[in-house]
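K.L.:
Need a 3D model of the sequence below.
(chains A, B, C and D)
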There are 4 protein chains.
Amino acid sequence: MKNTFGNNLCVTLFGESHGNSIGAVLDGIAPGIPVDTQNIAKMLEMRKGLNAISTPRREPDKFEIVSGVFEGKTTGTPLCIIIKNEDTRSADYSLTKDLARPSHADYTANQKYHGFEDYRGGGHFSARITAPLVALGAIIKPALEQKGIFVGSHILKAAHLSDREFGDIKTDLDLLKTKEFAVLDDETGEKMIEQIKTAKSKGDSIGGVLETAVIGCPAGVGEPWFDSVESMLSHAIFSIPAVKGVEFGLGFKFGDSKGSIANDCFINQNGKIVTKTNNSGGINGGITNGMPIVFKTAFRPTPTIAKPQNTINIKTGENTIIEAKGRHDPFVVHRAKVVVDSVTSLVMADLLTTRYGTDWLGEK
Amino acid sequence: MKNTFGNNLCVTLFGESHGNSIGAVLDGIAPGIPVDTQNIAKMLEMRKGLNAISTPRREPDKFEIVSGVFEGKTTGTPLCIIIKNEDTRSADYSLTKDLARPSHADYTANQKYHGFEDYRGGGHFSARITAPLVALGAIIKPALEQKGIFVGSHILKAAHLSDREFGDIKTDLDLLKTKEFAVLDDETGEKMIEQIKTAKSKGDSIGGVLETAVIGCPAGVGEPWFDSVESMLSHAIFSIPAVKGVEFGLGFKFGDSKGSIANDCFINQNGKIVTKTNNSGGINGGITNGMPIVFKTAFRPTPTIAKPQNTINIKTGENTIIEAKGRHDPFVVHRAKVVVDSVTSLVMADLLTTRYGTDWLGEK
Amino acid sequence: MKNTFGNNLCVTLFGESHGNSIGAVLDGIAPGIPVDTQNIAKMLEMRKGLNAISTPRREPDKFEIVSGVFEGKTTGTPLCIIIKNEDTRSADYSLTKDLARPSHADYTANQKYHGFEDYRGGGHFSARITAPLVALGAIIKPALEQKGIFVGSHILKAAHLSDREFGDIKTDLDLLKTKEFAVLDDETGEKMIEQIKTAKSKGDSIGGVLETAVIGCPAGVGEPWFDSVESMLSHAIFSIPAVKGVEFGLGFKFGDSKGSIANDCFINQNGKIVTKTNNSGGINGGITNGMPIVFKTAFRPTPTIAKPQNTINIKTGENTIIEAKGRHDPFVVHRAKVVVDSVTSLVMADLLTTRYGTDWLGEK
Amino acid sequence: MKNTFGNNLCVTLFGESHGNSIGAVLDGIAPGIPVDTQNIAKMLEMRKGLNAISTPRREPDKFEIVSGVFEGKTTGTPLCIIIKNEDTRSADYSLTKDLARPSHADYTANQKYHGFEDYRGGGHFSARITAPLVALGAIIKPALEQKGIFVGSHILKAAHLSDREFGDIKTDLDLLKTKEFAVLDDETGEKMIEQIKTAKSKGDSIGGVLETAVIGCPAGVGEPWFDSVESMLSHAIFSIPAVKGVEFGLGFKFGDSKGSIANDCFINQNGKIVTKTNNSGGINGGITNGMPIVFKTAFRPTPTIAKPQNTINIKTGENTIIEAKGRHDPFVVHRAKVVVDSVTSLVMADLLTTRYGTDWLGEK
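P.N.:
All right, here's what the predicted structure looks like:
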């Protein structure tokens, strides 16, 4: 459904990068969930990334919850959150408005919307539209935590540098709470930041990979076939701009493996059924098995770079050169971290709502 | 929606591995599409894989189209196809019915369905349920070809061996038509088969990767955000058993790349807008750009292996050992090829139906 | 979604009147619900109506549950039921295949499907497709009864004759169980049957109205706005052939009323909140209030009559005369009763599943 | 989906009567549709009704389109419209906040949301939430008119008074454009207004019926079974507060009729296929037949009346008396007219978008 996702907990997105406002509607949320506006502000702040390696566009991200919250708690009816666009410099885009920025959605939006699309700053395809997703995540993530379910991500890869993979996930998720730049190994993190600064100074950008975990989710969540946990998570994650790959557990490494090595044997550990290894990333047959859900998300380097690139003029079809003048990010993965956490929280909450009913997430 | 997928062209799946029959309903199909039952039989045959490296369970896959086809063409109303289960040896499963096969859905199905699930041969979670998906693909794939849109996959990786990536895709897709074992490089293919036979002889299984391409799809197809081409394809592909990773274009390799290298510059080539490279896999901002759509799918090694494995008894919770007695596949990727082709065809046809209306696929 | 309905408990219909088979898939059903095939047979028998006033087409309605039931109970995975078409006399339709039967779907199907539709006996638009709905209802209705929720209908009106409205609904529903012709007042019922016979002898048909009640449904079920109980029920009920009106509680009589008369005052009756009157039909703001849900459904007279009627030839567009030769019903309302009961049961079970989760209907 | 409706053109509603703002998101709209803010203002004004017979709550209904419109036309991406609540007197409700207003959603909302709902003025269940529906209708209705499709309604019944039914519908729709109080016969209209004033003076309210027509819709629109035109329209119409009945064509009068009288014979009229009568209300088998779509909607009298009524205290469960102090409407049907027109336009545009694709409504 285009801009709506979810079966029972549904998000609807709207807005353009340089329009009046952006926002989202969350429908199907359980009544009685506390809404902590400070946490929303905090997660929106995290989405802005480190100053040194992020776009100079600094949106204050002043948000307004216009419905669905009463006396500090969710009512159960649709929660709409609006975030004003304030620091827009649309003039940056007017000169190049007819030029298709390579690997951006300018050309495809034009093919789809026949020139009626808002071209400024990527319009509706801008990653700015992830801000309302984060705001909703800032409500749902703590609600899941109240149920013993924790979600978190770290930057596994930036260019050629790799953080260590998740170990003891609960400890690692706690560790990540204190980090401005979400890595488990700070030394690697510093090197990553250096690499990003270098890329920025050269007018270039670099890609990366996030590793995400969900712990505490009971076994038996998810639906067969098309609403498998993997199907639902990947559907939502792939809608985040710049995502080009998603893998669960060993993912593509399964391609090099054998059943005798890759299988996760079940074991009764003091009355709790667990698996010895977790190569499956917590999911068998699309349904949670009670182990941590673990997946990786690949991000392309931001397509906007300061270097001149060949392209075409959308209106005339002529070959030309584009040199980006807008404000851009040399690296989006550290900013995307909180987006992926939010989207993951929303999808898991949707699957849990399907399984346990509309009141579940809000019950004491 | 659990066992239904698609916005305007919708597939509903039903059936269990050892039940009476399996099948699917295809709703929203354009009227007037020829239904070639020989092609259905052929694609179902391809799904069985090479005898030497596939399960000894040899289902005749006799199918019956019980609705939606009249005088050899689709009517536009729901098309239901039923495939009988005939070569079931449920006794194979009765001894081990309470044992959770590692990395299978036995345990998770039990957690979800509380013991009411049909445990025999994986029940509704069995890969056997992909047969009706293939039957539907055998109707939709040729219909897309009539529109100039071609879909195909090859085995890019089996264990440590790699086929070459797609080159000139139209030529490669034609080449693949003649292959019993879908590789572009036959020499590599033979080595793969050897590896699989070796694994089989050791009671083991191996994983792999498929590379899939769609050519001829016009630019401007797909929807923003949640119905992006990547979201819709990954959603459907991840519902196929054993799939654990999906990546578009460079995918996870974007993590090692830079914008200046990875961006796909647009160019006007004799009046046609193309990109110099296709690192994006034919999709920008979730919408097709007219270049080939290219993605890779990672498959885990079949979890069923002949070796003894630790596991638990679902009923008692006790630790125990399982030794599989059923008939199994040492390698599923060559069989999954036709499933991925079918699912890809169905998803693309759905997106095209959304864009161009309910008659489009059937128009002359 | 065309032939699929429901948010969490979903029905998908397929089949044509004179095709091989008709059937339905029920997805999202809770595991562990007993499936009584004798009850299915009984409700299918009720759908055939009284011999004396029903079509001479006597389908044996042999059904087969091909999936989703194991050891007599639902598994929780899709339940597909198939019913063979056996007593088809397609030759009856070949002579008049190009003639649009007035007030039937022949012309509209032709406009929609461009001549590819199966024209025989109304094809996919035939009321015969309600048989699988009834079969599913025969599973869900008893499951609701286990939860204390009872559904039933009676023929309130046939031509100018009226049965009395529901009084003490529980008693009335019990009374209706014994009736071959579902009226509360047998004397009126006999007059209705006489009227129907008279119409039949004249080659004519008559319309009617059903009154339906659901008792025992807890307060707080249903969703605001678009998934209101009224929206969901009317959506499903209007998909039944020949239905042309649906009203809840006083319905159209509200148009003649005043707030001071029509309002239902709440009262605490020995600790239970009830309303003094039930003009709202058990629904306020789209949500159940715990009182009986009561609605009426208007059916047009069967459009197939033996009298000559003006019409056009679909192929040539020429004006012509049609004289029906097929076998028809002079009255469908007594047959539709069990269809409406089934559809109502399915919709209520869907809303309850949304509210209480996927296991609810099957819990002990 | 609770607060979202539509398959390809989707409306999502949010807001509460006394909250910050109310609004809606329209997704799937074709690009290039002109957005006339004056027409939006005009239709919102019409929704306020005649001063003399409407609530003294006079909301300025200042609206803001925050996304989806660029340079005066739709972009094709989600259009969000926000309307501020300004004239709220929540204090009116604080005294009676625990009293369930009879036939309102107070009690049912409380049962559903456990006391977390915004109780003020009906919260999310307030008819005020229809304002954004009207704003969206003010965009879609003129777009349909550009395609030759016209939608309109008149007050067929108010208490015991009846307007004449539609005659030549095009002429009647033109006539209605000039009316402040939408009746075809002004004399009857004046009597209706008198009746309403009398009811108001007595602290009472009266119900009524709207008759709605859609002309110019091509034959072949709508989908079989669950997305029949009747199913989709009734689903949406029943979500409007106070609606308790919907009937198409003869509707409940079919119950008194015979096939030989009620059938609509086809006739070729100078090359155009029409029906001699239109008892079916333009729909056969759920699909449009090219004739005017005609249906009637029954509205209950506004439940809020000034007279004392028995009710219960929601918190304590005690029996008590309520005397409404808020500002209320003695008659909502003349205000609902523009809501029904808007909802009808949205549903028809959705069905047409499904049939003809995402660009259709915006094409020149």
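K.L.:
Going by C-alpha atoms from here, please, whenever you check contacts or count neighbours.
P.N.:
OK.
K.L.:
Thought B:Ser205 was touching A:Lys258, still the case?
P.N.:
Yes: contact criterion Cα atoms under 8 Å: A:Lys258 and B:Ser205 qualify, at 5.4 Å.
K.L.:
Flag the shaky bits of chain A, pLDDT-wise.
P.N.:
By pLDDT under 70, the low-scoring segments of chain A are A:90, A:92-93, A:325-327, A:364.
K.L.:
what number of residues lie near A:Cys10?
P.N.:
Other residues near A:Cys10 number 23, with proximity taken as other Cα atoms under 10 Å in any protein chain shown.
K.L.:
Please name the bridge partners of it.
P.N.:
On the basis of DSSP bridges, A:Cys10 is bridged to A:Asp27.
K.L.:
separation between it and D:Asn3?
P.N.:
Between A:Cys10 and D:Asn3 the computed distance is 9 Å (Cα to Cα, to the nearest Å).
K.L.:
Between those two, which contacts overlap?
P.N.:
Common neighbours of A:Cys10 and D:Asn3, counting by Cα atoms under 8 Å, 6 or more residues apart in numbering or on different chains, are A:Asp27.
K.L.:
In terms of neighbours, single out the busier of A:Lys258 and B:Ser205.
P.N.:
Counted by other Cα under 10 Å, A:Lys258 and B:Ser205 do not tie: B:Ser205 has more neighbours, with 31 against 23.
K.L.:
That one contacts B:Pro301, correct?
P.N.:
Yes: B:Ser205 is in contact with B:Pro301 according to Cα under 8 Å; the separation is 5.4 Å.
K.L.:
For these two, list the residues in contact with both.
P.N.:
Shared contacts of B:Ser205 and B:Pro301, counting by Cα under 8 Å, 6+ apart, come down to A:258-259, B:330-331.
K.L.:
Let me know the closest of these to chain D.
P.N.:
Closest approach between those and chain D, by Cα to the nearest Cα: B:Phe331, at 40.0 Å.
K.L.:
ok, now which ones touch the closest one?
P.N.:
Counting by Cα under 8 Å, 6+ apart, B:Phe331 touches B:53-54, B:196, B:205-207, B:301-302.
K.L.:
One more: A:Ile293?
P.N.:
A:213-215, A:248-249, A:281-283 are the contacts of A:Ile293 under Cα under 8 Å, 6+ apart.
K.L.:
Skipping adjacent residues, who's closest to it in space?
P.N.:
What sits nearest to A:Ile293 in space, not counting adjacent residues and going by Cα to Cα, 6 or more residues apart in numbering or on different chains, is A:Gly282, at 4.3 Å.
K.L.:
A:Val338 now?
P.N.:
Nearest residue to A:Val338, sequence neighbours excluded (Cα to Cα, 6+ apart): A:Arg47, at 6.0 Å.
K.L.:
and the one helix or strand that neighbour maps to, how far from the chain's centre?
P.N.:
A:Arg47 belongs to helix A:37-48 when assigned by DSSP states H and E. Helix A:37-48 sits 14 Å away from the centroid of its parent chain (Cα atoms, centre = their mean, to the nearest Å).
K.L.:
Ok, stretch A:158-175 next?
P.N.:
The answer for stretch A:158-175 is 17 Å, by Cα atoms, centre = their mean.
K.L.:
got the angle between the longest helix seen in chain A and helix A:37-48?
P.N.:
The single longest helix within chain A, with elements called by DSSP state H, is helix A:333-356. Computed by axes from the mean of the first three to the mean of the last three Cα atoms, to 10 degrees, the angle separating helix A:333-356 from helix A:37-48 equals 130 degrees.
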